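Chemist: Show me how the following folds:
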Amino acid sequence: MSAKRTLIIILVTLAAGLAVKKYAYEPIYIASESMSPTLYLGQRLLLDKTAFRFRGPERGEIIVFRSPVDNSHDSVKRVIALPGDLVEIRNKEVSLNGEKLFEPYARHTRPGELLDGDNLGPVTVPPDALFVLGDNRDNSGDSSTWRDPATGRKIYFLPRAAVIGRIRGIYPDFSSSSR
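Modeler: Numbers count the residues shown, from 1 in each chain. Now for the predicted structure:
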């Protein structure tokens with residue numbers, strides 16, 4: 001095989017790989033404990049950027065999005081409520097449309113403390129928005145605790161346009177395995 005042909009194959013392969021990463025799938029890792037115990041710090045996951053091209057996020061899905069508080073990073077949270085839903089949090093318990101939500105994934109590491117976000121609403125999710133929470137409720141920046149850095153006002157909802165995709169799978173970290 002000629003050097004020119006080899007170079008073309010390498011360039012086409014690189015271009016295809018970059019296109020897949022930009023538009024379809026991307027490896028990510030969990031940088032905080034906000035989704036613990038479901039997802040743990042340092043866990044490596046596959047972000048599916050194609051998941052919401054033909055449908056919107058659904059309740060219970062774990063999504064990746066640009067933070068509405070700090071655009072410099074992406075966040076991972078669980079969708080709790082969709083447009084039109086009525087959300088209320090009383091003493092750490094979430095109610096959706098007037099009914100207590102069954103959340104076997106939720107964890108409270110400080111159950112005896114009343115924290116910011118432990119009482120909220122009721123609020124109705126506006127069109128083109130979502131209400132999202134971390135599974136580690138006492139250690140998560142999310143719809144219950146976000147504040148606009150400029151004004152200090154609460155930000156209860158994630159704009160749908162900020163959603164990048166959903167978690168599709170887990171992949172192992174081969175870099176830390178022994179040789």
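Chemist: okay, which residue is most central for the chain?
Modeler: What sits nearest the mean C-alpha location of the chain, by CA atoms, centre = their mean, is Val76, with 2.3 Å.
Chemist: what pairs with that one across the strands?
Modeler: Val64 (DSSP bridges).
Chemist: Give me the distance between it and Ala129.
Modeler: Using CB to CB, to the nearest Å, Val76 is found at 18 Å from Ala129. To be clear about C-beta, it is placed using only N, CA and C from the backbone, and glycine gets the same treatment.
Chemist: and if you look at Gly84?
Modeler: 10 Å.
Chemist: Doesn't Arg5 belong to a helix?
Modeler: Yes - remark: Arg5 belongs to a helix, assigned using DSSP: H, G, I helix; E, B strand; the rest coil.
Chemist: Which pLDDT does the model give it?
Modeler: Arg5 is assigned a pLDDT of 77 by the prediction.
Chemist: in stretch 55-65, what's buried?
Modeler: 57, 61-65 (16 or more other CB atoms under 10 Å).
Chemist: Turn these into CSV, including distance to Asn71 and pLDDT.
Modeler: What follows is those, written out as CSV (distance: CB to CB, whole Å; pLDDT from 0 to 100):
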residue, distance to Asn71, pLDDT
Pro57, 20, 95
Glu61, 22, 94
Ile62, 21, 93
Ile63, 16, 95
Val64, 14, 92
Phe65, 11, 93
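Chemist: which residues sit in contact with the residue nearest to Val163 when sequence neighbours are not counted?
Modeler: Nearest residue to Val163, sequence neighbours excluded (CB to CB, 6 or more residues apart in numbering): Phe65, at 4.7 Å. Applying CB atoms under 8 Å, 6 or more residues apart in numbering to Phe65 gives the contacts 74-75, 77, 132, 158, 162-164.
Chemist: Can I get the residues you listed in a markdown table including secondary structure?
Modeler: Below are the contacts of Phe65 laid out as a markdown table (three-state DSSP):
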| residue | secondary structure |
| --- | --- |
| Asp74 | strand |
| Ser75 | strand |
| Lys77 | strand |
| Val132 | strand |
| Leu158 | strand |
| Ala162 | helix |
| Val163 | strand |
| Ile164 | strand |
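Chemist: returning to what we had before: can you tell me which of the buried residues of stretch 55-65 is nearest Ser2?
Modeler: The shortest approach to Ser2 among these belongs to Val64, at 42.4 Å (CB to CB).
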